[in-house]
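> let me see the structure of the following:
(chains A, B, C and D)
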Protein chains: 2
Amino acid sequence: MRKRAEDVGRTRQRIVEAAVHLHGTAGPAATSIAAIAERAGVTRLTVYRHFPDETALFQACSGHWLSQQQPPRPETWEAIGDPVERLTAGLADLYRFYRAGEQMLTLVSRDLHAAPDAIREAWEARNRHCVGVLADAWPVAGEQHTRRAVIGHAAAFSTWRSLCREQGLTDRRAVEVMVTLVGSVGD
Amino acid sequence: MRKRAEDVGRTRQRIVEAAVHLHGTAGPAATSIAAIAERAGVTRLTVYRHFPDETALFQACSGHWLSQQQPPRPETWEAIGDPVERLTAGLADLYRFYRAGEQMLTLVSRDLHAAPDAIREAWEARNRHCVGVLADAWPVAGEQHTRRAVIGHAAAFSTWRSLCREQGLTDRRAVEVMVTLVGSVGD
DNA sequence: TTTTCGATGAACGCTGCTGTTCACTCACCT
DNA sequence: AGGTGAGTGAACAGCAGCGTTCATCGAAAA
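Numbers count the residues shown, from 1 in each chain, chains lettered A, B, ... in the order given. Here you go, the predicted model:
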């Protein structure tokens, strides 16, 4: 039953790809099951069979989308001891990821309030982890709280969007600016 | 025909208040005419009569809401000559406004993509004006572009939200941080 | 060859929103 | 006293989405 399973997988794949495309163009909130089915060349019923609930579909989508991105690699940053260097490398990695996935990230973050809890939590956990790695390189001194807050701000997608999309900075410049900011906290 | 007009005005007012309340709790995108009418103790038809299209209603809402807020006063900032002082005063004024109107601003900005053009443009124009006033105090030197970008970022509602809501800074601290950031640009 | 099962297509009932019509009431204004 | 018109209540037609059921097709697996 090899080919059988492959066919099933292919159908499932087409559905996921259709959903990812719509999530990245109309936004998750405006993506109906009917639209996904139509784009996948499949019946609504088939979609329901593969993904009983919205959460399952959403998870499959983010998995598939991430698999064709180059997500940020906090593990890599950890190897860097110097806090400023680590921060620079981390923000550069994050901003590169943000820019490459801008459309999807914009729409998903915009509709995040309506997304299943599991998705929202995963998003936030990922963020927290990155911030943790970037913040832990700094010596425990003085303005710890403010520094962590500013690092959290610098690492946020909304910050990249504001600086590079709305204000027109390059990723490089935005990283410099944010690193300077963090460095100037607690003086 | 005095009392007659007053009655009409009162009905209109009740509708606007209902709409404002719903916009500030469920968000504009999730606010239906039916819900507004119900909350105003009025028929859907009456709502349609007072506000033929969504834009009219939306404008009345933002007018009414703003009238019971204390909006930022860029005119006041302009009197301050020193760029750092002006920026400090301006951001403090903005962040105070953002905090007081947090709920509404959060939901409206979240749903801004689905709002009538007139609304979105008014929002952006208001923003641009504030940024202009804050940026024009600085001498025309070196990193002009970056400085303006950073000021634009500092003045954005999303920035306040990130720093003070998500990262837990006080308004005061956030202002300090952002002023420091702008000051450190172009060194 | 027969069984199995993924996928189909068509239908159903439900919810909720939109915008519009009509006849009607009742309080205010003239 | 009578006209005006804001507001009512009920109904209509339309759209879009949801989730589910059923009989059926067709091709891979046994």
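
> the residue lying closest to residue A:21 once chain neighbours are set aside: neighbour count?
Excluding the flanking residues, the one nearest residue A:21 by C-beta to C-beta, 6 or more residues apart in numbering or on different chains is residue A:39, at 6.7 Å. The C-beta positions use only the backbone N, C-alpha and C, and glycine is treated the same way. If you count neighbours by other C-beta atoms under 10 Å in any protein chain shown, residue A:39 ends up with 16.

> residue A:39 sits in which helix or strand?
Using DSSP states H and E, residue A:39 sits in helix A:33-40.

> buried set for whatever helix or strand comes next after that helix?
Using DSSP H and E, the next helix or strand after helix A:33-40 towards the C-terminus is helix A:44-50. For helix A:44-50, burial by neighbour count (16 or more other C-beta atoms under 10 Å in any protein chain shown) applies to A:46, A:47, A:50.

> near chain B, which of these show up?
Among the buried residues of helix A:44-50, no residue lies close to chain B (C-beta under 8 Å from any C-beta of the partner chain).

> just these that are near DNA strand C?
Among these, proximity to DNA strand C is found for A:46, A:50 (C-beta under 7 Å from any atom of the strand).

> tell me which residues in the strand or helix carrying residue A:16 are buried?
Element membership for residue A:16 (DSSP H and E) is helix A:2-25. Using 16+ other C-beta under 10 Å as the test for burial, helix A:2-25 gives A:11-12, A:14-24.

> near DNA strand C, which residues of chain A?
Counting by C-beta under 7 Å from any atom of the strand, chain A sits next to DNA strand C at A:4, A:7-8, A:11-12, A:41-46, A:49-50.

> of the buried residues of helix A:44-50, closest to DNA strand D?
Ranked by distance to DNA strand D (C-beta to the nearest atom of the strand), these are led by residue A:47 at 8.8 Å.

> where does the prediction get shaky in chain A?
Scanning chain A for pLDDT under 70 picks out A:1-4, A:186-187.

> residues of it that sit close to chain B?
Checking chain A against chain B by C-beta under 8 Å from any C-beta, the hits are A:110, A:113, A:145-146, A:148-150, A:152-153, A:156, A:158-159, A:161-163, A:166-169, A:173, A:177, A:180-181, A:184-185.

> domains in chain A, by residue range?
A:2-60, A:74-184 (automatic domain parsing).

> now, of those domains, which is deepest in the fold?
Most buried of the domains of chain A by mean neighbour count (mean count of other C-beta atoms under 10 Å in any protein chain shown) is domain A:74-184; its value is a mean of 18.

> ok, is that domain in contact with DNA strand D or not?
No - judged by C-beta under 7 Å from any atom of the strand, domain A:74-184 makes no contact with DNA strand D; its nearest approach is 11.3 Å.

> now do the same end-to-end measure for that domain.
23 Å (C-alpha to C-alpha, to the nearest Å).
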